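The following comprises the amino acid sequence and a computationally predicted model.
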Amino acid sequence: MSETIIGVVGAGTMGQGIAQVVVASGFTARLYDVADEQLSRAQGKIDKGLSKLVAKEKMSEADKNAALERLNTSTALEALSDCDIILEAAPEQPGLKEKLFRDLSHLSSDAILASNTSSLSLTRLAAVCERPERVVGMHFFNPVPVLKLVEVIRAEQTSDDTVKRIEQLAHDLGKTAVPVGDSPGFAVNRLLVPMINEAAFLVQEGAATPDAVDEAMKLGAAHPMGPLALGDLIGLDVCLAIMEVLQEGFGDPKYRPCPLLKRMVDAGYLGRKSGRGFHIYD
Ligand code: CAA
């Protein structure tokens with residue numbers, strides 16, 4: 001049987017993590033991004049991520065080097081034309097994702113096109129593709145090498161065979177697939193992001209400081225990190241975008257984004273990636 005080649009579109013936080021897991025699991029990855037610097041940064045991060053596994057004796061140095069050899073990068077989308085499965089992890093902009101899916105479906109009529117979208121409709125994405133039955137959601141969680149869940153989202157058009165192949169891939173990547181319907185925010189983000197938004201309201205109202213909110217939820221609800229530190233990890237711009245999708249998708253005012261969250265995003269305080277969010281980072 002020929003080797004499975006996995007394309008990864010977008011070398012941001014999620015794309016890097018996905019590509020790391022793909023090569024660490026023995027697959028060849030073709031990582032695509034529009035920016036060369038982003039690809040170099042991703043290669044550095046993946047190298048560092050795999051080194052953690054070597055340091056913990058979960059991977060040998062030789063296996064790490066072999067994994068890095070299976071990682072190919074390109075700024076040309078055509079480099080993905082021989083992929084069996086393409087995992088899209090581009091920025092959360094509907095127009096951008098639709099264009100990518102249209103282009104990818106022209107590029108390869110046989111590949112399964114899976115989106116890591118955190119909240120957009122898979123049914124709409126599938127509708128712009130030539131083979132909509134091959135479009136599916138495969139939603140990873142940050143940090144991807146650590147968290148075990150993959151939400152598998154079936155669009156209206158997705159075939160059983162596509163779902164089966166994505167569930168198999170999740171298993172091969174050491175993840176657990178959980179099926180979720182194509183509803184705004186799916187399951188995890190619909191629960192998690194309104195909690196982060198509510199935590200921002202607590203700070204806006206002066207009811208608690210960010211440190212107090214985070215400490216309270218770590219000690220009082222056994223969360224591994226507080227909701228505001230988690231918002232900083234996810235990216236406050238991503239959290240805001242998810243709240244907007246929930247608000248628009250359900251038309252329910254309970255999903256109103258916190259004005260403080262909006263102001264922070266406007267100011268460029270996006271969390272860890274910008275060095276400042278609800279907390280300050282080096
Ligand atoms: N590659 C490989 N291993 C890695 C790694 C990487 N890039 N990063 C961390 N690790 C390993 C570490 O080596 C460590 O391994 P051991 O357990 O063997 O020691 C383990 O992962 C934990 O890492 P750390 O010790 O550095 O950190 P920690 O124990 O403080 O945990 C955390 C950090 C994993 C982020 C934890 O706080 C956590 O799980 N937080 C919640 C994260 C969460 O909820 N994420 C979901 C966000 S929502 C989302 O992503 C969806 C969306 O669409 C927005």
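The structure has been received and is ready for your questions.

Up against the ligand, what does the stretch 151-282 of the chain have?
189, 192, 224-225, 230, 234, 238 (C-beta under 6 Å from any ligand atom). Where C-beta positions appear, they are placed from N, C-alpha and C, glycine not excepted.

Do a quick rundown of the strands in the stretch 101-250 of the chain.
Ranges of strands within the stretch 101-250 of the chain are 112-115, 135-139, 149-154, 176-180, based on DSSP state E, counting those that start in this stretch.

Distance to His106, neighbour count and pLDDT added to the residues of the stretch 151-282 of the chain next to the ligand, as JSON lines?
Formatted as JSON lines, these follow (distance: C-beta to C-beta, whole Å; neighbours: other C-beta atoms under 10 Å; pLDDT from 0 to 100):
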{"residue": "Asn189", "distance to His106": "30", "neighbour count": "23", "pLDDT": "97"}
{"residue": "Leu192", "distance to His106": "35", "neighbour count": "18", "pLDDT": "97"}
{"residue": "Pro224", "distance to His106": "42", "neighbour count": "9", "pLDDT": "97"}
{"residue": "Met225", "distance to His106": "42", "neighbour count": "13", "pLDDT": "98"}
{"residue": "Leu230", "distance to His106": "38", "neighbour count": "22", "pLDDT": "98"}
{"residue": "Ile234", "distance to His106": "32", "neighbour count": "25", "pLDDT": "94"}
{"residue": "Val238", "distance to His106": "28", "neighbour count": "24", "pLDDT": "92"}
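
biggest separation within those, which pair?
Pro224 and Val238 (18.8 Å; C-beta to C-beta).

so how far is Cys258 from the most centrally placed residue in the chain?
Against the mean C-alpha coordinate of the chain, by C-alpha atoms, centre = their mean, the closest residue is Met14 at 4.3 Å. Using C-beta to C-beta, to the nearest Å, we find Met14 at a distance of 24 Å from Cys258.

Residue ranges in the stretch 1-150 of the chain under the pLDDT threshold?
1-2 (pLDDT under 70).
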